[in-house]
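*Asks:* Here is a sequence together with a model predicted from it:
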Amino acid sequence: MRVIASTAAAVVSGSVLLTSSCHAFTQPRGNSGVTLGNKRSSTTSLSMGLKTTLVKKAVQYPVATAAAGAAVVGTAAVKFVLDRPSRTYDENSVAREYDAWTQDGILEYYWGEHIHLGYYNEEEMEAGYKKKDFIEAKYDFIDEMMKFGGIDPATDSGAKVLDVGCGFGGTSRYLADKLGPKAEVTGITLSPNQVKRGTELAEERGLNNAKFTVMNALEMDFPDNSFDIVWACESGEHMPDKEAYINEMMRVLKPGGKFVMATWCQRDDREVPFDKKDKRDLRFLYEEWTHPYFISIESYAELVDATKLMGQVKTADWCEPTIASWRHSVWVGIFDPRGWILKPTKYLKCARDAYCLERMHRAFKRGLMEYGMFAATKKKEE
């Protein structure tokens, strides 16, 4: 993470040097105004004079000139590399990338057991988000998501829970512990390494009611009406068929069961179409972190409604309480470099991830992206 911070510092320093050098090269000395016969002669003379001055100043300030030039070239080169997405989606890319993230351990070192954004209330934001413990913010997010979905240990202590896209099982284990030993929590993921790591952590903590398995969320093996709660946190982003994703979750949910989902969404573009910058930025966000595409909060709600299985869908945009997570993710890597500093083969990947985190922050801040929250109850059979 500090790699990108150092790069940014170098870019800023280079920009300052460039500005200073150009300023020195073009400073007038005394009254050099000359009236010429025509405009073309005036322009030509001015151009020749400026070139001559630039050459003289370049000779006079060789170190500044070299530094400014290196800064410009370096900035352009770094931006060129980081602006080219490196993890475009394909049918195997999600499992492959999450296997890699699990193996290198960097994500787990900084994000803990929870591969999702954190929650920051108004007071915490006013006090400065960096004062909050980064991992604690993720636990707070789960608690807030439970409230949003109407999930309560007092009433759901014996629930069968499905965690769709469980990562290495942080939320699954938290729910298994929170809902008590009578609850059964099953986490599914495409990553074998995540299943292995999630199972190890559950066994270490004696959580026999948390299980993990490799399974495609678009073609689940579970029978209809299998779970009391279906929980999906930041997995929809990777789904190549959003309709099948929603349909499968509604199918395996029991009548009267609770559905709650959190996912990154792009704004609804049906009234105000995306412009060229919007499309360019979205394409980068799709392709850098192996996302096929995003859809809007409104579109997800319409997909849930289209199943005709659910009651009224409650939606919200949690951009404000989650947006601090993007930059907080970078700062924890800067404040504590131990997670990556001895892994030089991962430096470029860390730089790419930090750059993408910043791009995500900006996309959410300007309203191109939204943080979609959804909750609904499945209709009871008549």
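*Replies:* Received it, and whenever you're ready, just let me know what you need.
*Asks:* Please list all residues in contact with Glu144.
*Replies:* Under the criterion of C-beta atoms under 8 Å, 6 or more residues apart in numbering, the contact list for Glu144 reads 119, 321. All C-beta spots, glycine's among them, are computed from the backbone N, C-alpha and C.
*Asks:* Apply 7 Å and report the result again.
*Replies:* The neighbourhood of Glu144, defined by C-beta atoms under 7 Å, 6 or more residues apart in numbering, consists of Tyr119.
*Asks:* Mind telling me what element it is part of?
*Replies:* Under the criterion of DSSP states H and E, Glu144 resides in helix 134-149.
*Asks:* Buried residues of that helix, list them for me.
*Replies:* 134-135, 137-142, 144-146, 148-149 (16 or more other C-beta atoms under 10 Å).
*Asks:* State the distance from the nearest residue in space to Ala217 that is not next to it in sequence to Thr263.
*Replies:* Excluding the flanking residues, the one nearest Ala217 by C-beta to C-beta, 6 or more residues apart in numbering is Val164, at 5.1 Å. For Val164, the distance to Thr263 equals 11 Å [C-beta to C-beta, to the nearest Å].
*Asks:* now do Asp104
*Replies:* Note on Asp104: its distance to Thr263, by C-beta to C-beta, is 25 Å.
*Asks:* Quick one: mean pLDDT over stretch 225-234.
*Replies:* Model confidence over stretch 225-234 averages 98 on the pLDDT scale.
*Asks:* Residues in contact with whichever strand or helix holds Leu303: which ones?
*Replies:* Taking DSSP H and E as the criterion, Leu303 maps to helix 297-306. Contact with helix 297-306 is made by 242-243, 246, 265, 268, 310, 313, 315, 317, 370, 372, 374, 376, as judged by C-beta under 7 Å, 6+ apart.
*Asks:* Which SSE is immediately downstream of it?
*Replies:* As assigned by DSSP H and E, the chain's next helix or strand after helix 297-306 is strand 314-317.
*Asks:* buried residues in the next helix or strand after that following strand?
*Replies:* Counting by DSSP H and E, the element after strand 314-317 in chain order, helix or strand, is helix 319-322. Neighbour-count burial for helix 319-322, counted by 16+ other C-beta under 10 Å, picks out 319, 321-322.
*Asks:* cool, and stretch 210-225?
*Replies:* By neighbour count, with 16+ other C-beta under 10 Å as the criterion, the buried positions of stretch 210-225 are 210-212, 215, 217, 220.
*Asks:* Kindly report the same for stretch 278-288.
*Replies:* Going by neighbour count (16+ other C-beta under 10 Å), the buried part of stretch 278-288 is 278, 281-282, 284-288.
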